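Trainee: Provided below for reference: sequence and predicted model.
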Amino acid sequence: MNTEHTYDVALSFAGEDRNIAREIAERLRAAGYTVFFDEYEKAALWGEDLTVKLQDIYQRLSRFCVMFISSNYAEKAWTKHERRAALSRALAEQTAYILPIRLDNTNLPGLPDVVGYLDLRSISIAEVYSLLLTKLGAPINSDHKEASISVDRIREVLAACYRRAVFARMHAQMNWNAMFESLAECRVALQKVIVFVEPAEFQRLVAGIIGELDFIERRRRAISEARDSRAEEFQIDGAKLRIIATLLKLRDAAGISFEMPPSVTEEVFFSASEASEQPSAFVSPDPWMGVRDYLGPKKEGDPGNA
């Protein structure tokens with residue numbers, strides 16, 4: 001790692017898109033990342049030659065640059081200056097330094113069409129945040145604060161997710177609207193607790209769960225428009241398996257004694273309150289439903305399917 005890096009990430013955005021950038025910045029800073037966001041740097045920027053200061057930040061001092069691409073971004077003089085500095089760094093290093101987030105259909109001059117984008121018109125800010133945590137890895141300043149495991153917070157995560165809506169396999173007998181309503185409630189609960197989860201590695205796991213819940217919500221809209229929903233149901237079940245695998249990983253890593261099914265179950269419920277109750281039905285017998293591909297070989301005494 002470049003020891004000269006001052007920031008984990010620098011945000012480049014137009015003033016009209018400030019609210020979106022601010023939400024990302026606040027989430028990252030709460031997670032322990034050092035973020036260049038102009039509102040956090042008023043004193044540091046005061047009296048400085050901004051053309052020199054900003055060039056240094058976007059070309060040398062940041063590990064990554066997140067660009068919020070919009071028509072406003074393409075037109076502003078200061079964002080053009082930031083973009084030129086970031087592009088110079090990206091071209092020199094030939095790495096995925098620039099992480100573009102599309103807000104509209106604007107094509108940004110100088111940024112290759114082959115660069116992978118995220119599009120906020122099709123994914124949520126929570127999912128963007130989850131992907132950013134994965135991309136960033138450990139914060140620059142993580143060495144000085146080897147945080148102890150926040151066992152109580154992880155228990156809250158497990159309790160919030162330990163509901164039929166998360167563990168139930170998709171099938172015609174359940175009330176799908178009740179399931180989606182309960183999963184939305186679960187997502188809100190995790191968003192409230194995630195900033196208190198430690199260490200950062202565990203926080204990224206919780207962010208991954210939130211991302212999977214966002215993915216399921218998007219599948220909800222796809223199901224309503226599909227003539228044959230089986231493909232969407234299969235994708236939802238896959239997301240639930242990944243959530244369960246993550247919950248088991250959190251439980252084991254935190255040393256928490258908390259029994260839960262190791263896979264999806266054959267639950268039936270008809271209301272949101274029932275969907276939010278603890279799972280009780282047996283594990284699905286379908287071979288593909290196991291989470292062993294995510295967890296590794298079965299350990300002696302491990303409950304559930306092999």
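Mentor: Noted; the coordinates are in hand. Residues are numbered from 1 along each chain as shown.
Trainee: Confirm residue 39 sits in a helix?
Mentor: Yes. Assessed with DSSP: H, G, I helix; E, B strand; the rest coil, residue 39 lies in a helix.
Trainee: distance of it from residue 240?
Mentor: 38 Å (C-beta to C-beta, to the nearest Å). Just so you know, the C-beta spots here come from the backbone N, C-alpha and C atoms, and that holds for glycine as well.
Trainee: Among those two, which residue is more densely surrounded?
Mentor: Set residue 39 next to residue 240 and count neighbours by other C-beta atoms under 10 Å: residue 240 wins out with 26 against 10.
Trainee: Check the more buried one and give its pLDDT.
Mentor: Residue-level confidence at residue 240 comes out at 94, pLDDT.
Trainee: The one 3 residues further on too?
Mentor: For residue 243, the pLDDT comes out at 95.
Trainee: tell me what whichever strand or helix holds it is packed against?
Mentor: Using DSSP states H and E, the element containing residue 243 is helix 230-254. Packing contacts for helix 230-254, counted by 3 or more C-beta pairs under 8 Å, 6 or more residues apart in numbering; DSSP states H and E, involve helix 151-161, helix 164-167, helix 200-225, helix 292-295.
Trainee: In the third one, which residues are buried?
Mentor: What that stands for is helix 200-225. 200, 202-217, 219-220, 223 (16 or more other C-beta atoms under 10 Å).
Trainee: Okay, residue 17 and residue 57: tell me how far apart.
Mentor: In terms of C-beta to C-beta, residue 17 sits 18 Å off from residue 57.
Trainee: on that earlier part again, measure how the helix holding residue 243 sits relative to helix 151-161, angle-wise.
Mentor: 160 degrees (axes from the mean of the first three to the mean of the last three C-alpha atoms, to 10 degrees).
Trainee: Shouldn't residue 10 be within a helix?
Mentor: No. Read with three-state DSSP, residue 10 is strand and lies in no helix.
Trainee: Just list whatever residues bridge to it.
Mentor: residue 36, residue 65 (DSSP bridges).
Trainee: can you tell me how far it sits from residue 275?
Mentor: 42 Å.
Trainee: helix, strand or coil for the nearest residue to residue 220 once chain neighbours are set aside?
Mentor: Take residue 220 and drop its neighbours on the chain: the residue closest to it by C-beta to C-beta, 6 or more residues apart in numbering is residue 180, 5.0 Å away. Of the three states, residue 180 takes helix under three-state DSSP.
Trainee: do the same with the one 3 residues further on
Mentor: Reducing the assignment to helix, strand or coil with three-state DSSP, the entry for residue 183 is helix.
Trainee: So it sits against residue 165, correct?
Mentor: Yes. Shown here, residue 183 and residue 165 form a contact pair, counting by C-beta atoms under 8 Å, at 5.1 Å.
Trainee: quick one, what contacts the residue nearest the centre of the chain?
Mentor: The centre of the chain sits closest to residue 130, judged by C-alpha atoms, centre = their mean, with a distance of 1.3 Å. Shown in contact with residue 130 (C-beta atoms under 8 Å, 6 or more residues apart in numbering): 204, 207-208, 210-211, 214.
Trainee: Same check on residue 36?
Mentor: So residue 36 contacts 6-7, 9-11, 57, 61-62 (C-beta under 8 Å, 6+ apart).
Trainee: let's go with 6 Å and repeat that
Mentor: 7, 10, 57 (C-beta atoms under 6 Å, 6 or more residues apart in numbering).
Trainee: Would you list the phi and psi of the first one?
Mentor: Translated: residue 7. phi -120, psi 140 (degrees, to the nearest 10).
Trainee: Let me know how buried it is, in neighbour terms.
Mentor: 21.
Trainee: Ok, the second one next?
Mentor: The burial metric for residue 10, expressed as a neighbour count using other C-beta under 10 Å, is 25.
Trainee: What count of nearby residues applies to residue 243?
Mentor: 25.
Trainee: which element is the residue in the chain sticking out farthest from the centre on?
Mentor: Residue farthest from the centre of the chain, counting by C-alpha atoms, centre = their mean, is residue 47 at 36.9 Å. Counting by DSSP H and E, there is no helix or strand that carries residue 47.
Trainee: what's the spacing between it and residue 53?
Mentor: When residue 47 is compared with residue 53 (using C-beta to C-beta), they lie 10 Å apart.
Trainee: Could you check the pLDDT of the closest residue to residue 222 other than its chain neighbours?
Mentor: Closest residue to residue 222 apart from its sequence neighbours, by C-beta to C-beta, 6+ apart: residue 232 at 5.1 Å. Per-residue confidence (pLDDT) for residue 232: 87.
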